[in-house]
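>>> Following is a predicted model, sequence given first.
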Amino acid sequence: QVRLVESGGGLVQAGGSLKLSCAASGRTFSRYPMGWFRQAPGKEREFVAAISWNSDSTYYADSVKGRFTISRDNAKNTVYLQMNSLKPEDTAAYYCAAGPAFYRGSLRPERVYPDWGQGTQVTVSS
């Protein structure tokens, strides 16, 4: 099992930027894929972005493509989500998640990820 701690959320005006971080511990970080999901009030949790265990592939929801960038620093056991050109509809609790070691299937479904962080709130004002 891996422990995940998100940080970097906050209040930002529309058009602004935030960078979320997710620090991992408990497993060999470089072996497992990482994902970011979000959940707005009254809505289901949805996929935002993911990065493969070896960093050779990244995936994005259509709603954030071109605005958000996922990256990882295996030396720091941390995955990041750089969010630019934020919109009010990006307001949500953001969660990072860790997938199985060396996983090569689709990284979009929630069911892929056994380990989740507690979430960090992002609020975008208009």
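Here it is on my side, so go on. Residues are numbered from 1 along each chain as shown.
>>> From here on, just use CA atoms for contacts and neighbour counts.
Will do.
>>> For the residue nearest to residue 113 when sequence neighbours are not counted, give its distance to residue 108.
Leaving aside its chain neighbours, residue 113 sits nearest to residue 99 (4.3 Å; criterion: C-alpha to C-alpha, 6 or more residues apart in numbering). Separation of residue 99 from residue 108 (C-alpha to C-alpha, to the nearest Å) stands at 11 Å.
>>> I'd assumed residue 42 was in a strand, is it?
No - when the secondary structure is assigned by DSSP: H, G, I helix; E, B strand; the rest coil, residue 42 falls in coil instead of a strand.
>>> From residue 126, how far off is the residue positioned nearest the centre of the chain?
Closest residue to the average C-alpha location of the chain: residue 36 at 2.1 Å, with C-alpha atoms, centre = their mean. Distance, residue 36 to residue 126, using C-alpha to C-alpha: 23 Å.
>>> what is residue 4 paired to in the beta sheet?
residue 24 (DSSP bridges).
>>> Hmm, residue 99 and it touching each other?
No - with contact defined as C-alpha atoms under 8 Å, residue 4 does not reach residue 99; the gap is 11.7 Å.
>>> Residues that sit against both of those two, list them.
Here residue 4 and residue 99 share the contacting residues residue 115, scored by C-alpha atoms under 8 Å, 6 or more residues apart in numbering.
>>> Quick one: end-to-end distance for stretch 56-70.
The straight-line separation of the ends of stretch 56-70 (C-alpha to C-alpha) is 12 Å.
>>> what is the mean pLDDT for it?
Confidence for stretch 56-70, expressed as mean pLDDT, is 97.
>>> do stretch 4-13 as well
Stretch 4-13 shows a mean pLDDT of 97.
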